[in-house]
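build me a model from this:
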Amino acid sequence: MGIENQTGVQYLQGWAYDADDPAVPVNIGLQFRSGVEGFDKTISANQLRSDLVAGYFIPNTSINHGFSFPLTDIEYGVYTITMLVE
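Okay, the predicted model is just below:
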C-alpha cells in the first residue's frame with residue numbers, strides 16, 4: 001500500500017488477494033483514524049495489476065487484484081490508515 005500523486009490528486013494504491021481463492025477479487029476495509037476521529041471505507045481490489053503475475057507474486061489465475069482510492073474527500077491532517085482484507 002502506498003500513496004501516489006497523480007495530476008494533483010493523491011491516491012492510496014496497492015493490491016490484495018486471498019491465497020485460498022486467488023481468482024476472486026477481495027474487498028478491503030480501510031480505517032482512517034486521526035486521534036479519536038475517523039471514518040471507514042470499503043473498496044474492492046479488482047483493478048488490473050499484470051505486474052503481480054509477471055513478478056510471480058500471485059498465481060496466473062487472475063490479475064485483477066489492484067486498488068486505487070482517491071484521497072480527495074479527506075480533510076487535511078495526519079491519519080493512521082489500517083487496511084483489512086475482508
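
which residues of this structure score low on pLDDT?
Along the chain, the model assigns pLDDT under 70 to residues 1-7, 53-61.

so where do the helices sit in it?
All helices of the chain, identified by DSSP state H, fall at 50-54.

which residues in it form strands?
Taking DSSP state E as the test, the strands found in the chain are 2-6, 9-15, 26-34, 37-45, 47-48, 64-70, 80-85.

okay if I get these as JSON lines plus mean neighbour count?
(Glycine included, C-beta is placed from N, CA and C.) Output for those, formatted as JSON lines (neighbours: other C-beta atoms under 10 Å):
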{"stretch": "strand 2-6", "mean neighbour count": "10"}
{"stretch": "strand 9-15", "mean neighbour count": "17"}
{"stretch": "strand 26-34", "mean neighbour count": "16"}
{"stretch": "strand 37-45", "mean neighbour count": "14"}
{"stretch": "strand 47-48", "mean neighbour count": "12"}
{"stretch": "strand 64-70", "mean neighbour count": "18"}
{"stretch": "strand 80-85", "mean neighbour count": "13"}
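
quick one: contacts for the residue nearest to R33 when sequence neighbours are not counted?
Counting by C-beta to C-beta, 6 or more residues apart in numbering, T80 is the residue found nearest to R33 once chain neighbours are left out, at 4.7 Å. By C-beta atoms under 8 Å, 6 or more residues apart in numbering, the residues touching T80 are 32-34.

likewise for T82?
Contacts of T82 (C-beta under 8 Å, 6+ apart): 30-31, 33.

nearest to G8, of these?
L30 (21.5 Å; C-beta to C-beta).

give me the beta-bridge partners of that closest one?
K41, M83 (DSSP bridges).

am I right that it is in contact with D40?
Yes - the pair L30 and D40 passes the contact test of C-beta atoms under 8 Å, sitting 6.8 Å apart.
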